[in-house]
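Q: give me coordinates for this.
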Amino acid sequence: MKSLRNTFARSEHRLTFDRDNTFHIELRRRVDEYFAQPGRRQRDCLQMYLKTAIILTAFGMLYYLLVFVATMWWQALPLAILLGLSMATIGFNIQHDGGHQSYSNYIWVNKLMARTMDLIGASSYVWHWKHVVVHHTYVNITGHDADIDLGPIGRLTPHQKLFAFHRWQQIYLWPLYGANVIKWHLYDDFRDVILGRIGSHHMPRPKRWEFLSFICGKVLFLTMAFAVPLLIHPVWNVLLFYCVTVLVAGVVVSIVFQLAHCVEEAAFPLPREGSSSLENSWAIHQVETTVDFARRSRVESWLLGGLNFQIEHHLFPRVCHVNYPTISKLVEETCREFGVRYREHISFRTALASHFRWLRRMGAPA
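A: Numbering: from 1, shown residues only. Okay, the predicted model is just below:
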């Protein structure tokens, strides 16, 4: 992954980080030492396989009940909401680890798990370039990190253009987070593949088997979302409950990712004036642009696939998320020793409040 990231950065002639990697080397040594002990595995963890079985079974049952059993709106509505939550859970847990190659030591297992992203509507191929490569390299850098670019509808960083209507973004953005996922499903993936670009970054167009996988993924999702339900239900019913399901999934997914980066405590650095070089090394940059939340909640950690431990994830993206609660102690201790700023919110609620205040601040008149 590191060589891929470096190759991508060189091909784009983009930003460089400070070369003093002392902090990263020492942190990696401590984490490697932890996993060297008997019975500790970075990937292929039994609890991850069990979690996958539970989540996919729940998704399948909810889909079956919504499409084939529910006949009244009061039956369909809670099922659609739960199905949306299960889609988000697939993304947080199974797809995310597979896409980062942190699920298994076997490439084919990681690819299979990563393609559960296609099952829930988005292209795993495009997501790899948008998230794994671009976001994880240039996190919170305006003009480079596509994950913090909402276009004119929202202002998430102090370096983006301010419009008058942004003063209300802390109110109107929440449902748009979900609507943005509908756009992602039906438009953005196709646009990115056709143009071969993600924002300002080049993305190689999928070829042969990758392109076939992209098409098959879209056909599978459209079949499940529209074709099969339309055999049983009226068009307006299918469209309505598709929107409900995807809006729920989209709002939840977007908010969870925003709580790690678009909050008051996160940094939004820019390159040194007149250069393409950033002040910090890559590892320190990851820590200072990311904020953990609810680290002590086992329930939230299970449901969110460890995405409440985003600092640890950004530093060790190829380590399965079930290990994050433990290695977070090593990361925090090492940060303290090196004077690196390590930030966390004690709960989901406090992180949510910080994101709300950040949206309000970014939308306030200059």
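
Q: any idea which helix is longest in this structure?
A: The longest helix of the chain (DSSP state H) is helix 235-261.

Q: list the buried residues in the helix or strand E279 falls within.
A: Under the criterion of DSSP states H and E, E279 resides in strand 277-281. For strand 277-281, a neighbour-count test (16 or more other Cβ atoms under 10 Å) marks 278, 280-281 as buried. C-beta here means a position set from N, CA and C on the backbone, and glycine is covered the same way.

Q: show me where the stretch 1-150 of the chain has strands.
A: Listed from the start of the chain, the stretch 1-150 of the chain has strands (DSSP state E, counting those that start in this stretch) covering 16-18.

Q: tell me the contacts of the residue nearest in space to the middle of the chain?
A: In the chain, the residue lying closest to the centroid (Cα atoms, centre = their mean) is F257, at 5.6 Å. Residues in contact with F257, defined by Cβ atoms under 8 Å, 6 or more residues apart in numbering, are 147, 307.

Q: ok, now how distant is it from F35?
A: 27 Å (Cβ to Cβ, to the nearest Å).

Q: what separates the strand holding E279 from the chain centre, distance-wise?
A: 24 Å (Cα atoms, centre = their mean, to the nearest Å).

Q: please apply the same query to stretch 298-314.
A: Chain-centre distance of stretch 298-314: 11 Å, with Cα atoms, centre = their mean.

Q: and if you look at stretch 109-123?
A: With Cα atoms, centre = their mean, you get 13 Å for stretch 109-123.

Q: can you check stretch 332-346 too?
A: Counting by Cα atoms, centre = their mean, stretch 332-346 comes out at 22 Å from the chain centroid.

Q: kindly report the same for stretch 61-71.
A: Per Cα atoms, centre = their mean, the centroid offset for stretch 61-71 relative to its chain is 28 Å.

Q: what of stretch 218-230?
A: Worked out by Cα atoms, centre = their mean, stretch 218-230 lies 24 Å from the chain centre.

Q: so which residues of the stretch 251-366 of the chain form strands?
A: Per DSSP E, counting those that start in this stretch, the stretch 251-366 of the chain carries strands over the ranges 277-281, 292-293, 344-345.

Q: quick check: neighbours of the longest one in the sheet, parallel or antiparallel?
A: Looking back up the chat, that one is strand 277-281. Looking at strand 277-281 with DSSP bridges, its partner strands are strand 16-18 (parallel).

Q: next: the last one.
A: Take DSSP bridges as the rule and strand 344-345 pairs in its sheet with strand 292-293 (parallel).

Q: who's in contact with H96?
A: 305, 307, 321.

Q: quick check, nearest of those to W174?
A: Checking those against W174 with Cβ to Cβ, the nearest one is L307 at 18.5 Å.

Q: list the residues that contact the closest one.
A: Taking Cβ under 8 Å, 6+ apart, one finds 92, 96, 256-257, 260, 313, 321 in contact with L307.

Q: quick revisit: how about the longest helix of the chain: buried residues?
A: Neighbour-count burial for helix 235-261, counted by 16+ other Cβ under 10 Å, picks out 238, 240-242, 244-261.

Q: same check on stretch 267-276?
A: Those would be 267-269, 271, for stretch 267-276 by 16+ other Cβ under 10 Å.

Q: check the gap between the closest residue to F241 other than its chain neighbours and A114 for me.
A: Nearest non-adjacent residue to F241, counting by Cβ to Cβ, 6 or more residues apart in numbering: A80, 4.7 Å away. A80 is 26 Å from A114, where distance means Cβ to Cβ.

Q: quick check: R29 vs F309, distance?
A: Applying Cβ to Cβ to R29 and F309 gives a distance of 20 Å.

Q: I107 too?
A: 25 Å.

Q: more neighbours, those two?
A: More crowded of I107 and F309, by other Cβ atoms under 10 Å: F309, with 27 against 9.

Q: my read is that that one contacts Y324, right?
A: Yes: the pair formed by F309 and Y324 meets the contact definition of Cβ atoms under 8 Å, at 3.7 Å.

Q: what touches both of those two?
A: Joint contacts of F309 and Y324 (Cβ under 8 Å, 6+ apart) are S301.

Q: contact partners of the strand holding E279?
A: In contact with strand 277-281 (Cβ under 8 Å, 6+ apart) are residues 15-21, 23-24, 141, 269-272, 285, 288.

Q: and for stretch 34-47?
A: With contact meaning Cβ under 8 Å, 6+ apart, stretch 34-47 is reached by 102-106, 318-320, 322-323, 326-327, 330.

Q: filter those residues to the buried ones?
A: 102-104, 319-320, 322-323, 327.

Q: can you flag which of those residues belong to helices?
A: Using DSSP H, the subset of those located in helices is I327.

Q: nearest to T137, of the buried ones among the contacts of stretch 34-47?
A: S102 (16.8 Å).

Q: that closest one touches Y324, doesn't it?
A: No: the pair S102 / Y324 is not scored as a contact, 10.2 Å apart, by Cβ under 8 Å.

Q: what comes up buried for stretch 356-366?
A: Quick answer for stretch 356-366 (16+ other Cβ under 10 Å): 356, 358-359, 362-363.

Q: just the CA trace of that stretch, in PDB.
A: The C-alpha trace of stretch 356-366 is given here as PDB (Å, rounded to 0.1, in the frame of the first residue of the first chain):
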ATOM      1  CA  PHE A 356     -22.100  20.800  14.400                       C
ATOM      2  CA  ARG A 357     -20.100  23.700  15.900                       C
ATOM      3  CA  TRP A 358     -17.500  23.200  13.100                       C
ATOM      4  CA  LEU A 359     -20.100  23.400  10.400                       C
ATOM      5  CA  ARG A 360     -21.500  26.600  12.000                       C
ATOM      6  CA  ARG A 361     -18.000  28.100  12.300                       C
ATOM      7  CA  MET A 362     -17.200  27.300   8.700                       C
ATOM      8  CA  GLY A 363     -20.500  28.800   7.500                       C
ATOM      9  CA  ALA A 364     -20.200  32.000   9.600                       C
ATOM     10  CA  PRO A 365     -19.500  35.300   7.700                       C
ATOM     11  CA  ALA A 366     -15.800  36.100   7.600                       C
END
